[in-house]
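*Asks:* Just to be clear, the model below is a prediction. Sequence and coordinates:
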Amino acid sequence: MNKIYKIYRLLYKTYGPQGWWPFINLQKSYHPLDYSFPRNSDEIFEVCLGSILTQNTTFISVVKSLNNLHVKEALNLNTIESMDIDELKTAIRPSGYHNQKARYILEFIKFYRSLDGAIPTREALLHVVGIGPETADSILLYGYNQCEFKVDAYTQRLLLTLGLIDEKAKYHDIKYLMEDSLKECIKDEKELLITYQEFHALIVNHAKKFYSKKPYGERCFLEEVQSSL
DNA sequence: AACCAGGACGTGA
DNA sequence: TCACGTCATGGT
């Protein structure tokens, strides 16, 4: 068992399953251990929308934006595409950058339509304006249940503090470190996917508590992973 | 009241 | 390639 997987086990033992992704339309019937989402095109689209809106923003703000659309019966691509762009901007205002994110959303909808239900490749997603590596992985991992590890600022900060990467490690360096480490320990594809999904969520949960303000990692119990191997 | 949040893009060196 | 400025609102 390598250190990365050890960190995952420790986080899971501490916080339990996170139940990522919180669907707006399904809050009543949603349970953390139900990994059957998303189930249809509307739910996939909701994850894609949330993935764009959450760029450099807390998910609490994203939920507000998604709810603004939901109460207008506009949490679907047909309505968003046909609605006035200023109305869209107003709805997503709580999650910030509403001008460029409104554009990103419309750009993505064009791309989404061209897919005609197919699963997008990572490379194709990266060609869409407004979709960088993290947003692409978020869409693939949570929207399409693809084994793509999502790296974010918290992941980098955590691994850097624990001394598992160096300062110049880039997005893909970290992504492949996580994926290779987990593949080494998990052979079952379904379990691997769930681990990717839960791990990222657990890192965010944990990092909010210990890696939001300096000095990072103070009293973080993951330090024990260092000495244990 | 400064600081940061589940980033991406454009620019110049 | 890479460091840096910009985009914007909301919570602490």
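*Replies:* Cool, got the structure. Numbers count the residues shown, from 1 in each chain, chains lettered A, B, ... in the order given.
*Asks:* Now do the buried residues in stretch A:203-214.
*Replies:* A:203-207, A:210-211 (16 or more other Cβ atoms under 10 Å). Every C-beta, even on glycine, is put in place using the N, C-alpha and C of the backbone.
*Asks:* got it, and stretch A:190-205?
*Replies:* A:192-205.
*Asks:* near DNA strand B too, which of these?
*Replies:* For DNA strand B, the contacts drawn from the buried residues of stretch A:190-205 by Cβ under 7 Å from any atom of the strand are A:201, A:204.
*Asks:* residues near the residue nearest to A:Lys150 when sequence neighbours are not counted, how many?
*Replies:* Among residues not flanking A:Lys150 along the chain, A:Asp137 sits closest, at 4.1 Å (Cβ to Cβ, 6 or more residues apart in numbering). Residue neighbour count, defined by other Cβ atoms under 10 Å, stands at 24 for A:Asp137.
*Asks:* out of the buried residues of stretch A:203-214, who's nearest A:Met1?
*Replies:* A:Ile203 (18.0 Å; Cβ to Cβ).
*Asks:* Just the element for that closest one, please.
*Replies:* helix A:189-210 (DSSP states H and E).
*Asks:* ditto for A:Arg39
*Replies:* Residue-wise, A:Arg39 maps onto no helix or strand under DSSP H and E.
*Asks:* Where does chain A get nearest to DNA strand B, which residue?
*Replies:* Ranking the residues of chain A by distance to DNA strand B (Cβ to the nearest atom of the strand) places A:Gly132 first, at 2.4 Å.
*Asks:* What residues of the next helix or strand after the helix holding A:Ile203 count as buried?
*Replies:* As assigned by DSSP H and E, the chain's next helix or strand after helix A:189-210 is helix A:224-227. Of the residues in helix A:224-227, A:Val225 count as buried by neighbour count, 16+ other Cβ under 10 Å.
*Asks:* ok, residues contacting helix A:224-227?
*Replies:* A:3, A:6-7, A:10, A:162-163 (Cβ atoms under 8 Å, 6 or more residues apart in numbering).
*Asks:* How is chain A divided into domains?
*Replies:* Following the assignment in automatic domain parsing, chain A carries domains at A:3-21+A:152-227, A:41-143.
*Asks:* ranking those domains by burial, who's on top?
*Replies:* domain A:41-143 (a mean of 18; mean count of other Cβ atoms under 10 Å).
*Asks:* those helices in chain A, which residues are they?
*Replies:* A:3-15, A:41-53, A:59-71, A:77-82, A:85-92, A:98-115, A:122-126, A:133-138, A:153-161, A:171-185, A:189-210, A:224-227 (DSSP state H).
*Asks:* got TSV for the ones you listed, with mean pLDDT too?
*Replies:* Below are the helices of chain A laid out as TSV (pLDDT from 0 to 100):
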stretch	mean pLDDT
helix A:3-15	96
helix A:41-53	94
helix A:59-71	94
helix A:77-82	96
helix A:85-92	98
helix A:98-115	98
helix A:122-126	98
helix A:133-138	98
helix A:153-161	95
helix A:171-185	98
helix A:189-210	95
helix A:224-227	75
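*Asks:* And those helices: which comes nearest A:Tyr144?
*Replies:* Closest among the helices of chain A, once you apply Cβ to Cβ, is helix A:41-53, at 6.8 Å.
*Asks:* and that closest one, how far out from the chain's middle?
*Replies:* Counting by Cα atoms, centre = their mean, to the nearest Å, helix A:41-53 is centred 11 Å from the centre of its parent chain.
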